[in-house]
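Q: Coordinates for the following, if possible.
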Amino acid sequence: MNTPNRNQNIIKVIIPAYNEEDSIAKVIKDLPPFVDEIIVVNNNSTDATAKNAKEAGATVLTELKSGYGNACLKGIEYIKQQKKDTDIVVFLDGDYSDYPEELTKIVAPMIEKNIDFVIGSRVKKLREKGAMQPQQIFGNWLATSLMALFFKSKFTDLGPFRAIKFDTLMRLQMEDPTYGWTVEMQLKILKQKFTYEEIAVKYRNRIGVSKVSGTLKGSIFAGIKILTWIIKYSFK
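A: Residues are numbered from 1 along each chain as shown. Predicted coordinates:
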C-alpha cells in the first residue's frame, strides 16, 4: 500500500471528545505523521480532555451544544473557514477503541481509486472480545440490513472511523446533532450515489465507559435515531 502523499492531499482529522482525558493523547499520538491537522472538538468535557489534547499537539475547539453530531459539525465549520482547501476529512473517536495508525488503510482507496467515502468496518475476526456490546452488534446488523433492503447497500457497519472527500461532505449537508450522525452520512452517500468502500479494521475495548452503548438510555436513543433516519430516507 502506498503512503499518501501529503503534498497532494490535505488530510485533516476531526475527533469529537467528551471526557476522554485518559485516551485522547494516545489517539493523537498514534495518528500517521502525514495528517495535516488533528482537530479535537471538546464537547462539554468536565475533565482534562481539552488540556491533554492541546498538549498532544491537536487544535482544540469547544462545542457547548451536547451531541456527537454537533461536535462533528463544529469541526467541519472550522475547516470551511480555512483559506487552504482540505481534500480529505477523517472522523475518529477519542476513546482509543480504533487503531489510529490504520488511517493509512482508510484513506488509501480515496487516493488510489478516487473513492468518495470509506468506512472502517469493525469485522468480528479483528474485533477484541467485548469491544462491541450485544446491542451495538444487533443495531449495526439491523441498520445495514435495512439499508441493503431499501437501497441495495453493501455497508456492513456504522463504524465511526471513516474518511470522506471534503467536497463530498459539503454536498451531503449533514445536520443530525446527536446519535444519527453516522447513519445519516451513509444514507446520503447512497441517495446521492457517491462511490464508497469498506475497509476491515481492528477494534478494541475502549478506555473508559461508552456514553452511548454503555447506557440503556444511550442505546435506546441511538436506536431510535438510526431507525428514524432510515425510515425517512426510504420514503423520500
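
Q: okay, CA-based contacts and neighbour counts for the rest of this
A: Fine.

Q: where does this protein have its least confident helix or strand?
A: Of all helical and strand segments in the chain, the minimum by mean pLDDT, DSSP states H and E falls on helix 216-234, at a mean of 71.

Q: Any stretches of the protein with poor pLDDT?
A: Scanning the chain for pLDDT under 70 picks out 1-7, 210-219, 221-222, 234-236.

Q: which stretches of it form strands?
A: Taking DSSP state E as the test, the strands found in the chain are 11-17, 37-42, 59-62, 88-91, 117-121, 162-165, 196-200.

Q: could you redo those strands as CSV and give each row mean neighbour count and distance to Lys188?
A: Shown next, in CSV, are the strands of the chain (neighbours: other Cα atoms under 10 Å; distance: least, Cα to Cα, whole Å):
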stretch, mean neighbour count, distance to Lys188
strand 11-17, 25, 20
strand 37-42, 25, 24
strand 59-62, 18, 26
strand 88-91, 24, 16
strand 117-121, 26, 11
strand 162-165, 24, 12
strand 196-200, 18, 11
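
Q: Of the ones you listed, which is nearest Ala131?
A: Set against Ala131 and scored by Cα to Cα, the strands of the chain come closest in strand 117-121, at 13.3 Å.

Q: now for that closest one, which elements pack on it?
A: Packing contacts for strand 117-121, counted by 3 or more Cα pairs under 8 Å, 6 or more residues apart in numbering; DSSP states H and E, involve helix 103-113, strand 162-165, strand 196-200.

Q: For the last one, output the C-alpha coordinates as PDB.
A: Pointing back at strand 196-200 there. What follows is strand 196-200 as a C-alpha-only set of coordinates in PDB (Å, rounded to 0.1, in the frame of the first residue of the first chain):
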ATOM      1  CA  TYR A 196     -17.900   4.100  -1.300                       C
ATOM      2  CA  GLU A 197     -15.900   1.300   0.100                       C
ATOM      3  CA  GLU A 198     -15.500  -0.600   3.400                       C
ATOM      4  CA  ILE A 199     -12.100  -1.500   4.800                       C
ATOM      5  CA  ALA A 200     -11.800  -4.100   7.600                       C
END
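
Q: Relative to that strand, what are the paired strands and their orientations?
A: For strand 196-200, the paired strands and their directions (DSSP bridges) are strand 117-121 (parallel).

Q: go on, the second one?
A: Taking DSSP bridges as the criterion, strand 162-165 forms sheet pairs with strand 88-91 (antiparallel), strand 117-121 (antiparallel).

Q: Of all those strands, which one is nearest Ile76?
A: With Cα to Cα as the criterion, Ile76 lies closest to strand 88-91 of the strands paired with strand 162-165, at 8.7 Å.

Q: Show me how far the closest one is from its chain's centre.
A: Taking the mean of its C-alpha atoms, strand 88-91 sits 8 Å from the chain's own mean (Cα atoms, centre = their mean, to the nearest Å).

Q: May I have that strand as PDB, with CA atoms only?
A: Taking Å, rounded to 0.1, in the frame of the first residue of the first chain, the C-alpha atoms of strand 88-91 are listed here in PDB:
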ATOM      1  CA  ILE A  88     -10.000  14.500   2.900                       C
ATOM      2  CA  VAL A  89     -11.600  14.600   6.300                       C
ATOM      3  CA  VAL A  90     -11.300  11.600   8.600                       C
ATOM      4  CA  PHE A  91     -13.600  11.200  11.600                       C
END
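
Q: what sits up against that strand?
A: Applying Cα atoms under 8 Å, 6 or more residues apart in numbering, the contact partners of strand 88-91 are 9-15, 103, 160-166.

Q: Could you report the neighbour count for Asp167?
A: For Asp167, the count of nearby residues is 14 (other Cα atoms under 10 Å).
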